[in-house]
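Asks: One predicted model, sequence on top.
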Amino acid sequence: MLRVGVIGAGTMGAAIAALFANADYDVVLVDVSEEALKKAKERHEGEILRELMEAGLKKRDDLVSKIKYTLDIKDLGNCSFVVEAIVEKLPVKIELLEKLEHLVSEDCIIATNTSSFKPSELAVKLKRPDRFTLFHFSNPPILREIVEVGGETLAEEYMQEVLEIVKSIGKEPVVLRKDSRGHVFNRFLCAAVAAIGWDLGKFSPPQIDAAIKSLGSPVGFFELLDHIGIDVLLMVQDSLIEAHGDRFELSKGFRWLLERMVEWGKLGKKSGEGFYRWINGRATVPEAEPADILPMAAATVNEALREIEEGLADRDTVNRAYSLALGSPVGILDVAEMLGYATILDALEKKYGETGAETFKPCEMLKGMV
């Protein structure tokens, strides 16, 4: 059995460590904060055990005995697989990975749970980028089945081992052979974020979430943003703007709101309040009439088609990624088929004319399909 290392004991790192411990791996969980390790341990003794049960993954009543909580990164030296889940800042991740490579053995696979950066960007200082893989979970990681893996630097001999590791913790791998900031799911998530900001004056978060759930998703859109964390959302959104341009730009009003939420400490689930108040790990979402989310759905479909255009993944992979990441019975292209591509194109052209926002500018593949 592999000895697994996880760097970062925050929202994602603590959950990733739990998934490996639950699958009977010996886990080393590293953080620079004693407080973060303490909170992770508390989650491993309560909330995360309940989530594992809810996800149908629970194999152990005790996770803590399988996890070493440590401030010393050198404790990762005898691990065969290490995944980083630290703050979403490119220079910080690059520096960590360079340091990590000198601590682990030649056979150790090094992985990143980055939400936005390309694996090739993170591997720039690695001497062995061939053993470096994307290993990206969607939020909440216990409840969602997807792990996006791969990347342009990863050698085939390690790819097969990575796929087996994903399956061993009860998840389904989505393989990406091409690097792109935001990977598959976060690109169309951030397209939706850019799109919905233009309608927040007309509809409330509970109305929008009611509409998303009517399409089959078990979690609302703003509920998901609270899971992710508003601070993390802004970092990911800005990373995609930097790489892909104005189509991920937020409306001025929505950006102002998100920045104030961060300033006020309303970060979502991890702070107890974001768009919703969180009690015992669950959002208190008022009942509401569903909003008209056609423009947001259209922008999401549009970005999914761009991914296929670019060769990031094929149609089935893109469709499956949406379904797995949201826990939805339908994929994004299934939604497109239900709405009709002509309807989607019409909605985009109308909204693009009204706002001039690039997220609504139809891609060539969509125009060709109509």
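Replies: Right, received. Where do you want to start?

Asks: now the helices for the stretch 1-150 of the chain?
Replies: Along the stretch 1-150 of the chain, counting by DSSP state H, counting those that start in this stretch, helices occupy 11-22, 34-45, 47-54, 90-103, 119-122.

Asks: Please apply the same query to the stretch 251-370 of the chain.
Replies: With DSSP H, counting those that start in this stretch as the criterion, the stretch 251-370 of the chain has helices at 252-263, 294-310, 315-326, 332-339, 341-355, 364-369.

Asks: so of these, which one's packed in deepest?
Replies: helix 294-310 (a mean of 24; mean count of other C-beta atoms under 10 Å). Using the backbone N, CA and C atoms, a C-beta is placed for each residue, glycine as well.

Asks: Kindly state the beta-bridge partners for the spatially closest residue to D72 that is not a sequence neighbour.
Replies: Nearest non-adjacent residue to D72, counting by C-beta to C-beta, 6 or more residues apart in numbering: V30, 7.3 Å away. Note on V30: beta-bridge partners by DSSP bridges are I7, T70.

Asks: With respect to P129, which of the helices of the stretch 251-370 of the chain lies nearest?
Replies: Smallest distance to P129 across those (C-beta to C-beta): 21.7 Å, for helix 294-310.

Asks: Give me the domain ranges for the chain.
Replies: If you go by automatic domain parsing, the domain ranges for the chain are 3-176, 184-370.

Asks: Quick one: end-to-end length of the shortest one, please.
Replies: Read that as domain 3-176. 25 Å (C-alpha to C-alpha, to the nearest Å).

Asks: Report the distance from it to the chain centre.
Replies: Counting by C-alpha atoms, centre = their mean, to the nearest Å, domain 3-176 is centred 13 Å from the centre of its parent chain.

Asks: could you list every residue that touches the closest residue to F185 other than its chain neighbours?
Replies: Once flanking residues are discounted, F185 sits nearest to A325: 4.3 Å by C-beta to C-beta, 6+ apart. Listed by C-beta atoms under 8 Å, 6 or more residues apart in numbering, the contact set of A325 reads 138, 144, 146, 185, 189.

Asks: Buried ones among the residues you listed?
Replies: Buried members of the contacts of A325, scored by 16 or more other C-beta atoms under 10 Å, are 138, 144, 146, 185, 189.

Asks: Quick check: the third one vs I332, distance?
Replies: If I follow you right, that is I146. 13 Å (C-beta to C-beta, to the nearest Å).

Asks: do you know which of the helices of the stretch 1-150 of the chain lies nearest A304?
Replies: Among the helices of the stretch 1-150 of the chain, if distance is taken as C-beta to C-beta, the winner is helix 119-122, at 20.9 Å.
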